[in-house]
Each structure stands twice: as C-alpha cells, then as structure tokens.
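> fold the following and give me the result.
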Amino acid sequence: MTDARTGQLLDLVEGRDAASPAAWLAARDPDWVAQIRWGVLDLSGPYRSVFDTMCPDAGQVADPFHVVKLAGSKLDECRRRVQNETLGHRGRKDDPLYRCRRLLLKAEERLDPNGSAKMAGLLRAGDPRGEVAYAYHAKEAVRFFYDIPDPVLAERYLRELADDLQDSEFPPEVRSLGRTLKRWMRQICNWTLARASIGPTEAINNLVKRVKRVAFGFRRFQNYRIRSLLYAGRPDWNLLDTITPH
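Have a look, this model is predicted:
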C-alpha cells in the first residue's frame, strides 16, 4: 500500500487477493479514507474490487505501463499463434516471425528506416494473412492514446478504438484487447485527469523484494513487514495497526 503522490510505503499486507487490502482500509480512520481522490492500479480485478468496495468515491486510474504492456502481450500471443499455424512449431532463430519479435515490440518512432524495412519484409514472409500486422497496429493505436492531451478527445478516441478492435475481421487477440479496453474504459481515461501511475509503487516493490530476498533471518511476515517499512523510509505510523515485533 503506497502513497502514489509521494512514493511512501504505507504498509504491507499478505496475499494477492482483495481481502487483505480491503481489511487494511477498513481499519483506517474513515476521514482519512475519504480523502483518497485517486486509486491507481494495474489491470487487476481483485484490486479494482477493493476500490469499488472501500473507496467508492475515489476515481480509479489504470496504470499506463500495464495498458501498453497488455497491448504488447496480445501482439506477442498473436505472433506465436500464427507461427505455430504456419510452420507447425515454436519460433526458431531462422523463422521470420521469430526474427522480428523484438522489432514488433518497439515503439514505431524508435524504428529507423532499416528496422522498419526489415520488419515489413519479415512480416511479408511469415504473416500470410496479415494478422500479426493487425496486432502491431493495434498496439501502436493504444500507445497513441497517451499522446492526446485533451481528456474529452482522448476518451472519444479510446471508445472508438475499443469498438473498432472488436470487429470480426481482426484476429482473436486483437478482439480480446478491444474487449479489455472497453471493460477498463473509465480507469484508462482517468489517467488523462489524474496523470498518476504506479511507478512509485513499483520502485517500492523492488525494494521490498530485495529485503525479502536477503530476509535478514526473518521467517515471519510481521518481522519482514516491519523491516520493509523501515527500509522504505519512515512511514506514517498513525495509519498502521499497533506493531509488536516478534
């Protein structure tokens, strides 16, 4: 649990389901919870339900990195499927689609002319129905959303994109991406208002994982929790339960 404004670790809870963070919020002062304006999350159903239940008045923001990552993963799924359907095996180093796998995940503006020409040639050789090319352009279309400065135009663009990507002519991975964009429409569009991400949370998460790997001889979650809070900087102890070291 992290303050997205300051990057301050507030607390650790066990598990990856909705129960523990919901219980943590339920134990906080209602006046403090009422001050939460935005809840920033990845595309996680359990965490979304936490905000729906415990902070219904807070806006939810889908982290941009995870939205673009989803588009990239759908592109990769499409590439692997087409690879298997056309050649009957997983990618090998001489296969066209395997050779362009990294080029496909690059941002279009980061491809130089040689890279663009190479990717186009490999797609012509390994993507007979143009399905991977469709998935690539869908990925780039999702990225373009974050270049639109006006919130109203951005929302209109994303709504039309989500509908277009569900067209039956597109490969199944692209249609799946369109459905996810539609399901998370409000959370994705809220980024244009809040401009918040879970970057600070990911930084703290890396620190917490380092503490966990080193372990400091601790086996119990409570001791690991205290050590992580100390290493992440002084927390606001008023937000936490009474902590008794074991």
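> tell me where this structure has helices.
Listed from the start of the chain, the chain has helices (DSSP state H) covering 19-26, 30-34, 45-54, 64-87, 96-99, 101-105, 113-126, 131-145, 151-165, 172-183, 185-189, 191-194, 199-214, 221-231.
> restricting to C-alpha, output the first one in PDB.
These are the backbone C-alpha positions of helix 19-26, laid out as PDB (Å, rounded to 0.1, in the frame of the first residue of the first chain):
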ATOM      1  CA  ALA A  19      -9.500  -9.400   1.200                       C
ATOM      2  CA  SER A  20      -6.300  -8.100   2.800                       C
ATOM      3  CA  PRO A  21      -6.100  -4.600   1.300                       C
ATOM      4  CA  ALA A  22      -9.900  -4.200   1.900                       C
ATOM      5  CA  ALA A  23      -9.400  -5.200   5.600                       C
ATOM      6  CA  TRP A  24      -6.500  -2.700   5.800                       C
ATOM      7  CA  LEU A  25      -8.600   0.100   4.500                       C
ATOM      8  CA  ALA A  26     -11.500  -0.800   6.800                       C
END
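> quick revisit: can I get the helices of the chain in TSV with distance to G7 and mean pLDDT?
To be clear about C-beta, it is placed using only N, CA and C from the backbone, and glycine gets the same treatment. As requested, the helices of the chain are arranged in TSV below (distance: least, CB to CB, whole Å; pLDDT from 0 to 100):
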stretch	distance to G7	mean pLDDT
helix 19-26	18	93
helix 30-34	18	92
helix 45-54	18	94
helix 64-87	15	97
helix 96-99	39	97
helix 101-105	28	96
helix 113-126	35	96
helix 131-145	25	97
helix 151-165	25	97
helix 172-183	28	98
helix 185-189	21	97
helix 191-194	15	95
helix 199-214	3	75
helix 221-231	13	62
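> now the ones you listed in JSON lines, with distance to L12 and mean neighbour count?
Conversion of the helices of the chain to JSON lines gives the following (distance: least, CB to CB, whole Å; neighbours: other CB atoms under 10 Å):
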{"stretch": "helix 19-26", "distance to L12": "9", "mean neighbour count": "16"}
{"stretch": "helix 30-34", "distance to L12": "18", "mean neighbour count": "11"}
{"stretch": "helix 45-54", "distance to L12": "15", "mean neighbour count": "17"}
{"stretch": "helix 64-87", "distance to L12": "21", "mean neighbour count": "19"}
{"stretch": "helix 96-99", "distance to L12": "40", "mean neighbour count": "19"}
{"stretch": "helix 101-105", "distance to L12": "32", "mean neighbour count": "16"}
{"stretch": "helix 113-126", "distance to L12": "43", "mean neighbour count": "15"}
{"stretch": "helix 131-145", "distance to L12": "32", "mean neighbour count": "21"}
{"stretch": "helix 151-165", "distance to L12": "34", "mean neighbour count": "16"}
{"stretch": "helix 172-183", "distance to L12": "29", "mean neighbour count": "19"}
{"stretch": "helix 185-189", "distance to L12": "24", "mean neighbour count": "19"}
{"stretch": "helix 191-194", "distance to L12": "24", "mean neighbour count": "17"}
{"stretch": "helix 199-214", "distance to L12": "7", "mean neighbour count": "15"}
{"stretch": "helix 221-231", "distance to L12": "5", "mean neighbour count": "17"}
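> great, nothing more from me.
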